[in-house]
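J.: Got a predicted structure here, sequence first:
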Amino acid sequence: MRFRFPGSLRGRGALRGLGTSRALRSRRSGKLRVWPLLVFVAFVGFYYVSNQQEVPLTGRTQLVDMTRAQEVALGVQSYRKILSELDVVSVGPEVEFVQEVAELLVPVVEEADFSWEFSVARSPEANAFALPGGKVVVYTGILPIVGNRDGLATVLGHEMAHAVARHGAERMAQQKLAQWAGMAVSLSVGEMEPATQRMVLGAFGVGSRFGVLLPFSRKHESEADYMGLIYLARACFHPSEAPEVWRRMGQHAAHRQLEILSTHPAPETRVQQFQQWMPEALAVRREYCSSRAEGER
């Protein structure tokens, strides 16, 4: 048995529904609310000025909103967790190779006083990474590509530079800004039609990723390349091996994204940048290594 409303009640319900729909449509003015964007811009200005840092060696102004102690604690916690999930190599020629090069690099990194740790993990992946506070992990898959001590110094110097430049903390601050900007844009388009809101928010997401976050990530990689080149030159490794490492990395990569879609510069771009920096790196090597040789006499 079905319960049926009397016709008069059905009509009133339909009228009420129609009225509600019209009221909702009338509330949507279709206009952009500017005040959330103005509040966001004012907040970002204050936030940026209050959290400025300077990257060693390059002098670039960066946004970092956590203390070094907080950053180091976060790095140590992440390092222990990651090591527990990897096949860590404790002894053997691969570990000795990494430790030998690392011990020559650590003394010349004058811009940070970290408790450096270097671990080797068994993996076919050609990769290495650094965590805040001077924790570095090298995958065995990258060792045949680096080929020699100078090549490994290129990779380790690069990873050490990420830690010194506080790129991890800077990336976290950038992601916060992107989230807050998304909230401001969402509030600004709140009176627009749902389809328009989705279009605007989608465009914002694409724009922030490809216009801000990915370019910043590539800038971090290039900055670490430069700083790492200076470090290996100070340690008397041969800077000329750095572009050769990236030529080999380019040959090793089976599938590569377009640079604009990647977090890293293309190998060809990195080779060109190393060649531009090479005169400076060679001058640094002459300065540090000649003074070292005189001191050993």
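T.: Received it, and whenever you're ready, just let me know what you need.

J.: From here on, just use CA atoms for contacts and neighbour counts.
T.: Will do.

J.: Name the residues that touch stretch 127-139?
T.: 71-76, 78-79, 114-126, 141-142, 155-156, 159-160, 162-164, 166, 168-169 (Cα atoms under 8 Å, 6 or more residues apart in numbering).

J.: Pull out the buried residues from stretch 186-194.
T.: For stretch 186-194, the neighbour count (16 or more other Cα atoms under 10 Å) marks 186-192 as buried.

J.: And it, end to end?
T.: Its first and final residues considered, stretch 186-194 spans 11 Å by Cα to Cα, to the nearest Å.

J.: Quick check: mean pLDDT of it?
T.: The average of the pLDDT scores along stretch 186-194 is 77.

J.: what does stretch 222-238 give?
T.: 97.

J.: Look up phi and psi at Leu131.
T.: phi -120, psi 160 (degrees, to the nearest 10).

J.: burial of it, as a residue count?
T.: For Leu131, the neighbour count with other Cα atoms under 10 Å is 24.

J.: Who does it form a beta bridge with?
T.: Beta bridges link Leu131 to Lys135 when assigned by DSSP bridges.

J.: any idea how far it lies from Ser78?
T.: Distance of Leu131 to Ser78, given as Cα to Cα: 8 Å.

J.: I'd like the buried residues of stretch 186-194 laid out as CSV, including secondary structure.
T.: Output for these, formatted as CSV (DSSP: H, G, I helix; E, B strand; the rest coil):
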residue, secondary structure
Ser186, helix
Leu187, helix
Ser188, helix
Val189, coil
Gly190, coil
Glu191, coil
Met192, coil
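
J.: which one among the residues you listed gets closest to Trp180?
T.: Ser186 (9.8 Å; Cα to Cα).

J.: Relative to Val206, how far out is the closest one?
T.: On the measure of Cα to Cα, Ser186 and Val206 end up 15 Å apart.

J.: what's the answer for Ala281, then?
T.: 38 Å.

J.: same thing with Phe216?
T.: 15 Å.

J.: likewise Ser262?
T.: For Ser262 relative to Val206 (Cα to Cα), the value is 14 Å.

J.: Equivalent analysis for Met192, please.
T.: In terms of Cα to Cα, Met192 sits 20 Å off from Val206.

J.: Show me the strands in the stretch 101-250 of the chain, by range?
T.: Per DSSP state E, counting those that start in this stretch, the stretch 101-250 of the chain carries strands over the ranges 117-121, 128-131, 135-139.

J.: State the number of residues packed around Ala130.
T.: When neighbours are counted by other Cα under 10 Å, Ala130 comes out with 24.
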